[in-house]
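A.B. asks: quick one: sequence and predicted model below, then my questions.
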Amino acid sequence: MSARQRLDDLAGVAGGAFSLLSGLRAEMEAMARAQAEAMVRRLELARAADLDAAMEVARRAREQAEALEARVAALEAQIAALKSAPEG
């Protein structure tokens, strides 16, 4: 086997290895991209669930504040009525 043939064989082996490595790299990139996308989807779902929970807490707090405002207004009206009532 001549030196030229050996170099050609070596170049063929190197080319095959390069093709294999390129294929593996593309596959690894695709797998990494898929994993990253899956993580983003999970994070978005968690954020949406957290937002929904926070909105529910805010809604309940608003309802309680409105109920307390009504009670305070009623008590103030009773106090005003007692102050203006004739003593007897």
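C.D. replies: Received the coordinates, thanks.
A.B. asks: quick one, strands of this protein?
C.D. replies: With DSSP state E, there are no strands along the chain.
A.B. asks: tell me where it has helices.
C.D. replies: Per DSSP state H, the chain carries helices over the ranges 3-84.
A.B. asks: where does the prediction get shaky in it?
C.D. replies: Residue ranges of the chain with pLDDT under 70: 88.
A.B. asks: what do you get if the cut-off is 80, keeping everything else the same?
C.D. replies: For the chain, the stretches with pLDDT under 80 are 1, 7-8, 10-11, 13-15, 17-18, 45-46, 87-88.
A.B. asks: got the contact list for Ala3?
C.D. replies: Contact analysis of Ala3 by CB atoms under 8 Å, 6 or more residues apart in numbering lists nothing. Glycine gets a C-beta too; all of them are placed from N, C-alpha and C.
A.B. asks: any idea how far it is from Leu10?
C.D. replies: Ala3 sits 10 Å away from Leu10, going by CB to CB, to the nearest Å.
A.B. asks: which residues are in contact with both of these two?
C.D. replies: Here Ala3 and Leu10 have no joint contacts, going by CB under 8 Å, 6+ apart.
A.B. asks: what about Ala32, how many residues close to it?
C.D. replies: Ala32 has 10 neighbours, counted by other CB atoms under 10 Å.
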